[in-house]
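# Below is the sequence, then the predicted model.
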Number of protein chains: 2
Amino acid sequence: MAAATTALAGRVLVYGGRGALGATIVQHFKTQGWWVGAIDLQANDQAHGNVVVSSRTSLVEQEKEIVAGVKGLLAESKLDAILCVAGGWAGGSAAAADFIANTDLCVTQSLWSSVIAARLASLFLKDGGLLTLTGAGAAKDPTPGMIGYGMVKAAVHHLVRSLGDPKGGLPADAFALAILPVTLDTPMNRKWMPKADHTTWTPLDTGSKCLRLLVHGNAPLVTGTQNVILEGWVVVDTPV
Amino acid sequence: MAAATTALAGRVLVYGGRGALGATIVQHFKTQGWWVGAIDLQANDQAHGNVVVSSRTSLVEQEKEIVAGVKGLLAESKLDAILCVAGGWAGGSAAAADFIANTDLCVTQSLWSSVIAARLASLFLKDGGLLTLTGAGAAKDPTPGMIGYGMVKAAVHHLVRSLGDPKGGLPADAFALAILPVTLDTPMNRKWMPKADHTTWTPLDTGSKCLRLLVHGNAPLVTGTQNVILEGWVVVDTPV
């Protein structure tokens, strides 16, 4: 059903809204009649509002900039959902020459965005709203070939577990989830893994559908277990 | 046996060697006839050599400074053990005003030191040597009241799991462990928790003894389980 409507379906903030997955999510929710805000290093013209991040060297400064930007976008409104799909991948064992640089990249890309998203949820999410962060299925096990990446994603899993506790600081009845996508079918992943079997990869649009099911509360979740919402999209509310 | 000897018992690097626990460990190994190097923000005069860290704002710069310093101390020698007890504590849920600042502190104090220690182990540890990092028993569960701290310690646990894999980048047969001390009886902890029952806290010297048992391979460890080496000192080689 694609009937036009002037009623606002809800307000969602997509953190990483200019990335391959994020842009798909922005477009998807917009089509569904949502107000969509985006946070990224560049603006997404499809979003109703943008916070463009210029502070790149300090977590504390970056958070200040983003909180002020979101406050400006929302005025007194609250958000139904914050969907954080910011992040990136970088590999290497402890013996790799770029181990530390790549670990630093994972920290600033995935850990900073996750804790700032948690702070935004504390400040701007409605009671009963949804926060999703992006973990990694791989991080449930050791990741010797991509130590920094696995370590940071394990930290994100722990963050979600703490946020899921009533004393974690989110608004009343808010819900924190980790999504654990397998390899996404993005242009960047095709560039770096040209010989992989792309038919086994997860199309970006199922990500949007998965998140919409979660936002609407239509995805039955079993606490503490993995929940496969749509093919290739694993969601856990208490990562194990 | 405390017979004096001129033979060097071994070479150990204590990361955080000027802190309350670190200084105790430096002193302990020195008394046992070891060459002891210390890394910290200030020199420990009891150590045979020091790397004083001045770079505080960039992980990549800090690692360069420390690697150069350790290389200068060791010349061509290798280390029997690297014991990382650097780190600190900071609390707060996502609703706390200082949530982001305290999370940043935990990242720079505990995560940076842990990954740099892993890199040092890759570069300077002997085959069959020992790396210990400091985790936290609390981080096995959600930590809603100290989210950043628990998240970073969960990351350290994952780091140890990856380093324990043969492809993790440590020298051949090297061993990576996490120590999970309960509350340590330090002056700082007494200052912040004056009303706690201090008789249940772990004395610092049992930490030194615990680490010495580990360094000498005299502590029987069961992989994947918690191993209580000495009262109050839990060691896991695969944090769970």
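Looks like it arrived, so ask away. Numbers count the residues shown, from 1 in each chain, chains lettered A, B, ... in the order given.

# how about the strands in chain A?
Remark: strands assigned in chain A by DSSP state E are A:10-15, A:34-40, A:49-52, A:79-84, A:125-134, A:175-181, A:226-230, A:233-236.

# Can you verify my assumption that A:Arg129 contacts A:Leu83?
Residue A:129: Gly, not Arg. No. Taking contacts as C-beta atoms under 8 Å, A:Gly129 lies outside contact range of A:Leu83: 11.0 Å. All C-beta spots, glycine's among them, are computed from the backbone N, C-alpha and C.

# Look at those two and report which has more neighbours.
Neighbour count, other C-beta atoms under 10 Å in any protein chain shown: between A:Gly129 and A:Leu83, A:Leu83 has more, with 32 against 24.

# now the helices for chain A?
Counting by DSSP state H, the segments of chain A that form helices are A:20-31, A:59-74, A:99-106, A:112-124, A:147-163, A:187-192, A:204-215.

# which non-adjacent residue is nearest the most far-flung residue of chain A relative to its centre?
In chain A, counting by C-alpha atoms, centre = their mean, A:Ala95 sits farthest out from the average C-alpha position, at 30.0 Å. Among residues not flanking A:Ala95 along the chain, B:Gly169 sits closest, at 3.3 Å (C-beta to C-beta, 6 or more residues apart in numbering or on different chains).

# In this structure that neighbour contacts A:Ala97, no?
No. Under the criterion of C-beta under 8 Å, B:Gly169 makes no contact with A:Ala97, lying 10.8 Å away.

# Neighbour count for those two, which is higher?
More crowded of B:Gly169 and A:Ala97, by other C-beta under 10 Å: B:Gly169, with 23 against 8.

# ok, A:Gln62 - contacts?
A:Val53, A:Ser55, A:Arg56, A:Trp112, A:Ile116 (C-beta atoms under 8 Å, 6 or more residues apart in numbering or on different chains).

# now it: how far from B:Leu214?
39 Å (C-beta to C-beta, to the nearest Å).

# Give the burial count for A:Leu123, as a bare number.
Look at A:Leu123: counted by other C-beta under 10 Å, it has 17 neighbours.

# Was I right to think it contacts A:Val67?
Yes. Using C-beta under 8 Å, A:Leu123 makes contact with A:Val67 at a distance of 6.6 Å.

# so where is chain A shaky, pLDDT-wise?
Low-confidence segments of chain A (pLDDT under 70): A:1-6, A:220-234, A:236-240.

# one step back: can you add distance to B:Cys210 and give the helices of chain A back as CSV?
Formatted as CSV, the helices of chain A follow (distance: least, C-beta to C-beta, whole Å):
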stretch, distance to B:Cys210
helix A:20-31, 46
helix A:59-74, 34
helix A:99-106, 28
helix A:112-124, 32
helix A:147-163, 24
helix A:187-192, 44
helix A:204-215, 45
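
# which of the residues in stretch A:64-73 are buried?
Along stretch A:64-73, these residues count as buried under the neighbour rule (16 or more other C-beta atoms under 10 Å in any protein chain shown): A:Glu65, A:Ile66, A:Val67, A:Gly69, A:Val70, A:Leu73.

# With stretch A:41-58 instead?
By 16+ other C-beta under 10 Å, the buried positions in stretch A:41-58 come out as A:Asn44, A:Ala47, A:Gly49, A:Asn50, A:Val51, A:Val53.

# Make CSV from those and add distance to A:Leu21 to it.
Below are these laid out as CSV (distance: C-beta to C-beta, whole Å):
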residue, distance to A:Leu21
A:Asn44, 12
A:Ala47, 14
A:Gly49, 19
A:Asn50, 17
A:Val51, 18
A:Val53, 17
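
# ok, so of those, who is nearest chain B?
Nearest to chain B out of the buried residues of stretch A:41-58 is A:Val53 (C-beta to the nearest C-beta; 14.3 Å).

# Please name the nearest non-neighbouring residue to the closest one.
Nearest to A:Val53 is A:Leu41, by C-beta to C-beta, 6+ apart, at 5.6 Å.

# re the thing from before, what residues are up against the residue nearest to A:Ala95?
A:Gly92, A:Ser93, A:Ala94, A:Ala95, A:Ala96, A:Phe99, A:Pro144, A:Ile147, B:Ala118, B:Ser122, B:Leu163.

# Many thanks, I have nothing further to ask.
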